[in-house]
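In: Predicted model and sequence below, questions to follow.
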Amino acid sequence: MMYFIIEQEYNAMDLIDTLINQADTTTKTILELSQEYQLEECLLDVVDKNIGEHVAPYEIIQDIDENPQEYIKALLDNVDEDYREDLEEELQEL
């Protein structure tokens, strides 16, 4: 069986959409919340810090699975104060 690695450049919003389609459970919720609160770039800053910028989508999903608290903290640190309480309530379900 042959395997192919296909690199594609995404903007933050498109990459999060792609990841949501591939992720499940906690990771999917974190990704969806980053969209809802327009924090896609903040989330991807954590990805860049943790594993770099030239990675496959499955690597990003795996990193979020392994480090959910780090991603949740990034969301909370970057959300507008007016929406922080709402975000915290949604994150309690995790």
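Out: Great, that's in hand.
In: Do you know the pLDDT at the spatially most central residue of the chain?
Out: With distances taken as C-alpha atoms, centre = their mean, the residue of the chain nearest its centroid is residue 31 (4.3 Å). Residue 31 carries a pLDDT value of 98.
In: Low-confidence ranges, the chain, go.
Out: 1-7 (pLDDT under 70).
In: What about the closest residue to the residue nearest to the centre of the chain other than its chain neighbours, how many residues nearby?
Out: Closest residue to residue 31 apart from its sequence neighbours, by C-beta to C-beta, 6 or more residues apart in numbering: residue 20 at 4.9 Å. All C-beta atoms are positioned from the backbone trio N, CA, C, and that covers glycine. By the criterion of other C-beta atoms under 10 Å, residue 20 has 18 neighbours.
In: which of the residues in stretch 17-34 are buried?
Out: 19, 20, 23, 27, 28, 29, 30, 31, 33, 34 (16 or more other C-beta atoms under 10 Å).
In: I meant stretch 43-61, not that one.
Out: Buried, per 16+ other C-beta under 10 Å, within stretch 43-61: 43, 44, 46, 47, 50, 60, 61.
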